[in-house]
Structure formats: structure tokens, C-alpha cells
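Undergrad: dropping a prediction and its sequence here:
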Amino acid sequence: MVSLVLITAGVWWWREHKPGPNPALTLADQVTIDGFTRLTTGVIFDNPPSAYATYIGDTNDHILDQFHAPGIRIIPRSDPTRDPPPDSIVLAVGDAPHGCSLTLERFLPTAAPYARHGVTRVQAANLENGTQTKLQLKILCPG
């Protein structure tokens, strides 16, 4: 009888305290950028919840106009700053539901392995010659 009570209590506790989906990853999955293909999406950390997504598309000056996500407000950086590693710049910052924040980076035309991760050889060549752009979105939510 004691065993049954302990098992029931354990099941109840697990149902009440089991971790839910990572809200940062849920938000990253909702982002689209017109003219860009999503390359990767993943979790950076589960606690605090954070996620990333990378995109590739033709280079243009209207990337922020092409950014779409429900409930996400994006604020262009008037002075795009370099973000470590030194092969990217921050194009915009923003906020999202659940108290989350985000950054949108553009990789600079470079042969750096970090910038080429997840792309084909042709895409890597296009990144280096500037005809294509690789973007990375990072979302961080409170823990």
C-alpha cells in the first residue's frame, strides 16, 4: 500500500514538474526570412532556455524587412557591431514573448570555418565572394 502511494505521488510530481518545450526553440522555429533558407535550428542551453537558427540567402540591403515572426519585435542596429567570433556583425536586437530577447547576426564574407558551418562548397564560395549572406538568429529566454 505504501508503495502505491509513493508511486502515485511520484507520477503526480513528475507531471507537475516535467520540463516543457524550450520556449526559445519554439520561437526560433516560427521565424522566417523571405528569400532565405533555414540551414539549422538548435538549442544552445536548456537552462536558461536559448536557441539559434541559421539562414542563407542572396545578399541584399533589406534583410530586416524580410524578417517575420509572430510577437517578435526587432530593432535595427544603427551601428552594426562585431560580435565574437570576429566574422559576424549584429544587424538587429529585439524582444519576444515570454520575456525573451534576440540578436540577428550577419556573417561577414570570410573563409572562417564557423561562418561556413552547415553550407555546401558552392554556398561557401558564394559567401566568400559576397553574393550570398549567412545569418544567425540567437534567442535567450529567462530561466
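TA: Alright, I've got the coordinates.
Undergrad: sheet partners, orientation included, of the helix or strand where Leu39 lies?
TA: Counting by DSSP states H and E, the element that carries Leu39 is strand 36-45. Taking DSSP bridges as the criterion, strand 36-45 sits next to strand 50-58 (antiparallel) in its sheet.
Undergrad: mind listing what's buried along the strand it pairs with?
TA: 50-57 (16 or more other C-beta atoms under 10 Å). Just so you know, the C-beta spots here come from the backbone N, C-alpha and C atoms, and that holds for glycine as well.
Undergrad: which of the residues you listed sits closest to Ala24?
TA: Sorting those by distance to Ala24 puts Ala51 at the head of the list, at 3.9 Å, by C-beta to C-beta.
Undergrad: quick check, the closest one in contact with Ala28.
TA: Yes. Taking C-beta atoms under 8 Å as the definition, Ala51 is a contact partner of Ala28 at 4.4 Å.
Undergrad: overlap in contacts, the two.
TA: Overlap between the neighbourhoods of Ala51 and Ala28 consists of 41, 139, taking contacts as C-beta atoms under 8 Å, 6 or more residues apart in numbering.
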